[in-house]
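> No letters, just coordinates:
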């Protein structure tokens, strides 16, 4: 299990404010947009974001501390689910993705669709846009794109439109969403090739009056030529 405290460079007894401050500093340093898309920076950024997801939410932090052994005693019980937050939505979509990948993609497509449909409802997307936590929103999009691979083809365009709305005009995310949509379209075209078109029957049109006149003149000239040859 990763040590999320070490990744963020904070102590196990740090406050939530210290976690947030450490995350902001590291996120700016390793954000892909700040490092020209460097792969290692992107991996570091994902690890930092994952640690922030776990530690910034008090419930998930308590669970992590319990399983990691930082806090001894009974597993904490929660009387209240807590207020909605971008982190909670990210945790939910990540759990869905992990469940799908753990099953090797062999999942009930309708169940998967309904789960993501509830999570990416118009109301929730509007909430996420208002919060303007761009890093979280972008990671939600990444997780949702992975899940969308296993959804029925006829339903993918609907999620495509929702994710574009959540991207809120960010060029990098819009391009990533459109790229996956193009890949899905090409796969669909490969699996469903168009039926070969039957050659059109060409109907012969009757000769026109001009053609008939020319043909008659040609015959007459030919007869005159024969007559002159024999005379």
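Structure's in. What do you need? Just so you know, these numbers come straight off a predicted model, no measurement behind them.

> The residue most central in space within the chain: which element?
The residue at the geometric middle of the chain, judged as the C-alpha nearest the mean C-alpha position with Cα atoms, centre = their mean, is residue 145 (3.1 Å). With the criterion set as DSSP states H and E, the secondary-structure element containing residue 145 is helix 134-148.

> Same question for residue 123.
Residue 123 is located in helix 122-131, with elements delineated by DSSP H and E.

> Give me the buried positions along that helix.
Of the residues in helix 122-131, those with enough neighbours to count as buried (16 or more other Cβ atoms under 10 Å) are 124, 125, 128. For glycine as for every other residue, the C-beta is placed from the backbone atoms N, C-alpha and C.

> Was I right to think the residue nearest to the centre of the chain contacts residue 179?
No: with contact defined as Cβ atoms under 8 Å, residue 145 does not count as touching residue 179 (9.3 Å).

> what's the helix holding residue 145 packed up against?
For helix 134-148, the contact count by 3 or more Cβ pairs under 8 Å, 6 or more residues apart in numbering; DSSP states H and E identifies helix 39-56, helix 86-102, helix 109-119, helix 122-131, helix 153-167, helix 171-191 as packing neighbours.

> contacts for the fourth one?
What that stands for is helix 122-131. Counting by Cβ atoms under 8 Å, 6 or more residues apart in numbering, the neighbours of helix 122-131 from elsewhere in the structure are 84, 85, 86, 89, 136, 137, 140, 162, 165, 166, 168.

> how many neighbours does the fourth one have?
Residues lying near residue 89 (other Cβ atoms under 10 Å) number 22.

> I'd say it and residue 137 touch.
No: contact criterion Cβ under 8 Å: residue 89 and residue 137 do not qualify, at 9.1 Å.

> And residue 99, how close does it get to residue 46?
With the distance defined as Cβ to Cβ, to the nearest Å, residue 99 ends up 19 Å from residue 46.

> And residue 37, by the same measure?
In this structure, residue 37 and residue 46 are separated by 13 Å, where distance is defined by Cβ to Cβ.

> which of those two has more neighbours?
Remark: of residue 37 and residue 46, residue 46 carries more neighbours, 14 against 9, as counted by other Cβ under 10 Å.

> and the nearest residue to the more buried one once chain neighbours are set aside, how many residues sit next to it?
Once its chain neighbours are removed from consideration, residue 46 has its nearest residue in residue 139; the separation is 7.8 Å (Cβ to Cβ, 6 or more residues apart in numbering). Other residues within reach of residue 139 by the criterion other Cβ under 10 Å amount to 20.
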